[in-house]
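structural data only, the sequence is not supplied:
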């Protein structure tokens, strides 16, 4: 297999992978190009129409925090306005007319729908981090139209292309996959090189953790069949842990809220669910469709049991998402104390609490990875358990 | 609320990259790593077992050696005891014999002494009788001449006797 050879060959192979990946990004870290070719009328209209532009001078903490924990088409390094520095990531859209790719630079950091990008005869505008088909005409300077729905919430009426962009989260995702491959392939090589000998370097750092996953997570919950599920448990553990930790790094390439994104936790929980469903034995299914209760309770219990199949991974999804997102919100809120009190004197308190919570988050990063893994193992273990007494 | 709505793009990329990661790590990392760790643990266990066995073997040998040593010591003690007994016996025998010999010699000496004494006594008796006779003869001769002279003679003779 050509591909496997490429990955197992050497570190240089993986570095080459990085190089190709960055070339593919088609974007470079540079100061925001001031020489924008934006429709000047649109900007004017935006300034007139958007009352927010005035209020934005007042620091909007909620939108600041939600912007940070959300996804983005740019990787922001530092600076604001003209001195904005960051990485423009590639936008990939699946539209009515097929795939469309362009750099996020073409939006000129615009996020209120006033900048239109034309590609393949289609026009796109971005509002609150989402890309829409731009409307024919501007409404309050924005090509994204809002409408109040029955509940009185503002909803966008524009249609959306399916957004396969390499966003900040996707970028970090790829980065973490690359780091994990780099680390564990080199560790695996260490085992081949020093066969049967004591571990060394990175290997000796990670071996206790691998053994911890095996002896404290897999074996107690899965019994003698643990070996089959070790690859999944180890991968999920290290994936979540690394991404939790990357999320705590406040600057590039960290800072993305990957494990605090519902899509990521949903897929991870879905993998656990699929493993449970595919490895469930006759006792597991028997317990669901023929629960050991009096016959008249069965009509009640069977739906409950079926519901129970889905609540377990659902809880996994929500737990990880909520914990990591809450951590990010907490740290950012503490940092924003200065803006809330409008006083620099709060800064030491703020910094103290941020450091304190940061230390706790470091622990949480590990604990959440551990909990996700051990609960996955527990649920799988419940599905493969042999009942001699039934 | 955008926070709670999963984005299709991220779902797609995450599924793809996680499956790829899972596949690659399972094939090229976890399999060799778990195998290596398992094998090393087994080899360590074997080594420990072997060490335990060697220890038991050593203990067995040691106890055997001790047993041998004990037996040897007991035998030595026995030999020494016997030797001592023999020595004592020999000494006792020698002493007895010496005693016997000594007694015999003493007896012999006593008999010899008695014999010599008897001879000496006989000789002394002989001489005393001779001397007595001589004295008697001389006294009688002196008495015959002078009473005083006789006395002086007797005295003189007696002195002579003493000198002898």
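Cool, got the structure. Computed from a predicted model, the values in this text were never measured in an experiment.

tell me which parts of chain B are close to chain A?
Contact residues (CB under 8 Å from any CB of the partner chain) of chain B with chain A: B:2-15, B:17-18, B:20-22, B:24-34, B:36-37, B:39-40, B:43. From N, CA and C alone the C-beta is placed, and that goes for glycine too.

could you list every helix and strand that the helix or strand containing residue A:283 packs against?
In this assignment (DSSP states H and E), residue A:283 forms part of helix A:282-289. If contacts are counted by 3 or more CB pairs under 8 Å, 6 or more residues apart in numbering or on different chains; DSSP states H and E, helix A:282-289 sits against helix A:298-335, helix A:347-384.

ok, the last one near chain B or not?
No: Helix A:347-384 lies apart from chain B when judged by CB under 8 Å from any CB; the minimum separation is 12.9 Å.

that helix to helix A:298-335, inter-axis angle?
Helix A:347-384 runs at 160 degrees relative to helix A:298-335, counting by axes from the mean of the first three to the mean of the last three CA atoms, to 10 degrees.

at which residues are the helices of the chain located?
Here I'm looking at chain A. Assigned helices in chain A, in chain order: A:2-8, A:11-25, A:40-49, A:52-55, A:61-69, A:168-193, A:202-212, A:219-222, A:230-248, A:262-279, A:282-289, A:298-335, A:337-341, A:347-384 (criterion: DSSP state H).

not quite, go with chain B.
Using DSSP H, helices in chain B cover B:8-25, B:31-145, B:147-163.

residues of the first one that come out buried?
This points to helix B:8-25. Residues B:9-15, B:17-18, B:21-22, B:24-25 are the ones in helix B:8-25 that count as buried (16 or more other CB atoms under 10 Å in any protein chain shown).

turn these into TSV, including pLDDT.
What follows is the buried residues of helix B:8-25, written out as TSV (pLDDT from 0 to 100):
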residue	pLDDT
B:9	90
B:10	91
B:11	93
B:12	93
B:13	93
B:14	93
B:15	94
B:17	94
B:18	94
B:21	95
B:22	95
B:24	95
B:25	94
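
okay if I get the residues you listed as CSV plus distance to residue A:103?
Formatted as CSV, the buried residues of helix B:8-25 follow (distance: CB to CB, whole Å):
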residue, distance to residue A:103
B:9, 16
B:10, 19
B:11, 23
B:12, 20
B:13, 18
B:14, 22
B:15, 25
B:17, 21
B:18, 26
B:21, 27
B:22, 31
B:24, 29
B:25, 32
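
can you check the pLDDT for residue 36?
Just so you know, I chose chain A. Note on residue A:36: pLDDT of 40.

try again with chain B
At residue B:36, pLDDT is 89.

gap between it and residue A:191?
4 Å (CB to CB, to the nearest Å).

ok, residue A:314 next?
37 Å.

same thing with residue A:231?
15 Å.

who has more neighbours, these two?
Using other CB atoms under 10 Å in any protein chain shown, the more surrounded residue of residue A:231 and residue A:191 is residue A:191, with 22 against 19.

what's near enough to touch that one?
Going by CB atoms under 8 Å, 6 or more residues apart in numbering or on different chains, residue A:191 touches A:199, A:203, B:32, B:33, B:36, B:37.

show me the residues around residue A:344 that make contact.
residue A:338.

using JSON lines, lay out the helices of chain A together with distance to residue A:80.
As requested, the helices of chain A are exported to JSON lines (distance: least, CB to CB, whole Å):
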{"stretch": "helix A:2-8", "distance to residue A:80": "40"}
{"stretch": "helix A:11-25", "distance to residue A:80": "23"}
{"stretch": "helix A:40-49", "distance to residue A:80": "17"}
{"stretch": "helix A:52-55", "distance to residue A:80": "14"}
{"stretch": "helix A:61-69", "distance to residue A:80": "11"}
{"stretch": "helix A:168-193", "distance to residue A:80": "17"}
{"stretch": "helix A:202-212", "distance to residue A:80": "39"}
{"stretch": "helix A:219-222", "distance to residue A:80": "49"}
{"stretch": "helix A:230-248", "distance to residue A:80": "22"}
{"stretch": "helix A:262-279", "distance to residue A:80": "28"}
{"stretch": "helix A:282-289", "distance to residue A:80": "55"}
{"stretch": "helix A:298-335", "distance to residue A:80": "16"}
{"stretch": "helix A:337-341", "distance to residue A:80": "14"}
{"stretch": "helix A:347-384", "distance to residue A:80": "19"}
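
what is the neighbour count of whichever residue of the stretch 251-390 of chain A sits closest to chain B?
Closest approach between the stretch 251-390 of chain A and chain B, counting by CB to the nearest CB: residue A:263, at 3.6 Å. Number of residues near residue A:263 (other CB under 10 Å) recorded here: 23.

that one contacts residue B:12, correct?
No: under the criterion of CB atoms under 8 Å, residue A:263 makes no contact with residue B:12, lying 9.1 Å away.

contact residues of the stretch 101-250 of chain A facing chain B?
Counting by CB under 8 Å from any CB, the stretch 101-250 of chain A sits next to chain B at A:128-130, A:162-167, A:169-170, A:173-174, A:177, A:180-181, A:184-185, A:187-188, A:191-192, A:195-196, A:207, A:210-211, A:214, A:227, A:230-232, A:234-235, A:239.

any idea how far chain A is from the residue nearest the centre of chain B?
Centroid-nearest residue in chain B, with CA atoms, centre = their mean: residue B:80, separated by 7.0 Å. To chain A, residue B:80 is 56 Å away according to CB to the nearest CB, to the nearest Å.

how much space between that residue and residue B:86?
11 Å.

now for residue A:328: which residues touch it?
A:65, A:68, A:69, A:247, A:257, A:260.

what do you get for residue A:302?
A:288, A:289, A:291.

contacting residues for the last one?
Residue A:291 sits next to A:297, A:298, A:301, A:302, A:305 when contact means CB under 8 Å, 6+ apart.

what's the neighbour count on residue A:104?
25.

ok, it to chain B distance?
Taken as CB to the nearest CB, the span from residue A:104 to chain B is 13 Å.

now do the contacts for that residue.
Here residue A:104 is in contact with A:27, A:73, A:74, A:88, A:89, A:90, A:91, A:165 (CB under 8 Å, 6+ apart).

the last one contacts residue A:94, doesn't it?
Just to be clear, that refers to residue A:165. No: judged on CB under 8 Å, residue A:165 makes no contact with residue A:94 at a distance of 10.4 Å.

between these two, which one's more packed in?
residue A:165 (24 against 15).

pLDDT below threshold where in chain B?
Residue ranges of chain B with pLDDT under 70: B:1, B:142-146, B:150, B:163-164.

at 90 instead, please
B:1-8, B:36-41, B:116-118, B:120-164 (pLDDT under 90).
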